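[1] fold the following and give me the result.
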Amino acid sequence: MQTVAALADAPLTQIAERLRDAMLPYMGSSALVIFTEDCTGQPQKKAGDEEITSRVSIAELDMIRAALSDETPWSGEAELAGRPRPVLALKHVPSHALLVLTDPHPAASGHRAGLDLVTYLWRIAARRIQEKVADAPPSYLLESRAASAERVRVTAELTDLHSTTLETLLTALRSSSLDDAAARSTVTDLTAKALVGLRTLSDRTTDLVEEPVAKAFERLREDLRPLTRFGGVEVEFIEPPLNGRALPGEVAHAARAIVRGLVLAMMEQSDVSRVRTQWDCDGENLLINVRDNGPGTLAADAPSIGRLDRRVRALTGNLQIDVMPGWGVDVLVMLPLDRPVRPAGDVLAWNLADRELEVLQHLVAGQSNRTIALKLGISENTVKFHVRNLFRKLDVGSRTEAIALAHSHGLR
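    Here you go, the predicted structure:
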């Protein structure tokens, strides 16, 4: 029971490790990988052999998930981390999340019993991830935004690097100076396919970190459907423009959680029969308006409103509430779609040199070492030196952690 409780209480950053520990008495494995698209900042959560966890790709996980039609556990050989491996894969249908165990071996309790317990623990973890993402607490929003920016940066950098190499190769192969036509044709086809694969990878990354505004709003409608059916309150939806800019995943999650929270807070008043919610997009911000027809008794300093305001501020947004006694409550929320770049916040305690602070600001903006070097007029090795010093002073182990910590201290 303690193991199950530890798994249920695990933060998203530790849930893969907790799940692997919980499964160990029933099913051993060399590595455990969770893949869920709902968690836009970190769609992969991994524990175990770093040789596997550091190399597994979203494309490989997509292939495994596509082969599963339901929640029945599947065992077999699949391409993972660059080569075929024995795996055990389980799908959580409600959230489309995927669990993969590499080199699975049941414990002494027996294969069938062990598999049933593994399935039970996986469902707990998958539901917990789904709940965490849907609730969109401020800590998750900060980590998600930082991780999304870092993944987009890395993917764009790899795509640019390999595209340039492959396009140069294509140019050479198409040259008439090469007289082996068959070889030239074969390698041209292979290279063209590789270019398509790279561009697909870039598009897939964008799909994971962005959500069309119309789709995000439709998911909100589905979330609120039980209230319209059983809550005795009519919820009116004013849809955003279909051609509105796509929303970063963390903004979409936060927007749905904020509207759900506002509707529930408004329903706590007496005599509320209608709530109107509207989304709009001005190209730079998602604009949310929620209004009720109640008595206007919702306190602007109520704990429920404070929790929602913390979500909004985590994304450097703004929440305004207008309580009109006898006329209702009107709430306006503005969520920026891009991470604003602003002067440093409360970072004095880190004792950063001026150049280190400049490098950190560029890291927060999602820029690569090469780009930072060009902008600051220094070498790439010097940038790496400053990044190592930053990690030491901030007591972090990665760019993503550094960006999340900088965000939490007001650095934009």
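[2] can you map out the helices along the stretch 101-250 of the chain?
    For the stretch 101-250 of the chain, applying DSSP state H, counting those that start in this stretch gives helices covering 111-135, 138-173, 181-209, 213-230, 249-267.
[3] quick check: mean pLDDT of the longest one?
    What it means is helix 138-173. Averaging pLDDT along helix 138-173 gives 64.
[4] by mean pLDDT, flag the weakest helix or strand of the chain.
    helix 138-173 (a mean of 64; mean pLDDT, DSSP states H and E).
[5] ok so, going back, if you average pLDDT over each of the helices of the stretch 101-250 of the chain, which is lowest?
    helix 138-173 (a mean of 64).
[6] who are the contact partners of Gln269?
    Contact analysis of Gln269 by C-beta atoms under 8 Å, 6 or more residues apart in numbering lists 292, 294-295, 297-298, 329. For the C-beta atoms, the positions are set from N, CA and C on the backbone; glycine is no exception.
[7] can I have the buried ones of the residues you listed as a PyMOL selection?
    To isolate the buried ones among these in PyMOL, judged by 16 or more other C-beta atoms under 10 Å, type:
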select buried, resi 292+294+295+298+329
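[8] angle of the helix or strand hosting Ala22 against helix 111-135?
    Using DSSP states H and E, Ala22 maps to helix 15-23. On the basis of axes from the mean of the first three to the mean of the last three C-alpha atoms, to 10 degrees, helix 15-23 is oriented at 150 degrees to helix 111-135.
[9] now do the contacts for Ala125.
    So, once contact is read as C-beta under 8 Å, 6+ apart, Ala125 ends up touching 7, 10, 15, 18-19, 34, 99.
[10] tell me the contacts of Leu308?
    Leu308 touches 258, 261-262, 265, 319, counting by C-beta under 8 Å, 6+ apart.
[11] farthest pair in the residues you listed?
    Longest distance between any two of the contacts of Leu308 is 12.1 Å, between Ala265 and Leu319; criterion C-beta to C-beta.
[12] intersection of neighbour lists for those two?
    Common neighbours of Ala265 and Leu319 (C-beta under 8 Å, 6+ apart) are 305, 308.
[13] next, count neighbours for the closest residue to Ile372 other than its chain neighbours.
    Excluding the flanking residues, the one nearest Ile372 by C-beta to C-beta, 6 or more residues apart in numbering is His362, at 4.5 Å. A count of nearby residues for His362, using other C-beta atoms under 10 Å, gives 20.
[14] name the element His362 belongs to?
    Secondary structure (DSSP H and E) places His362 in helix 354-364.
[15] and if you look at Ala89?
    Using DSSP H and E, Ala89 falls in strand 83-92.
[16] pLDDT on that strand, on average?
    Average pLDDT, strand 83-92: 94.
[17] same check, this time on stretch 31-50
    82.
[18] over to the nearest residue to Lys393 once chain neighbours are set aside: give its phi and psi.
    Excluding the flanking residues, the one nearest Lys393 by C-beta to C-beta, 6+ apart is Trp350, at 5.3 Å. When read as degrees, to the nearest 10, the backbone of Trp350 gives phi -80, psi -10.
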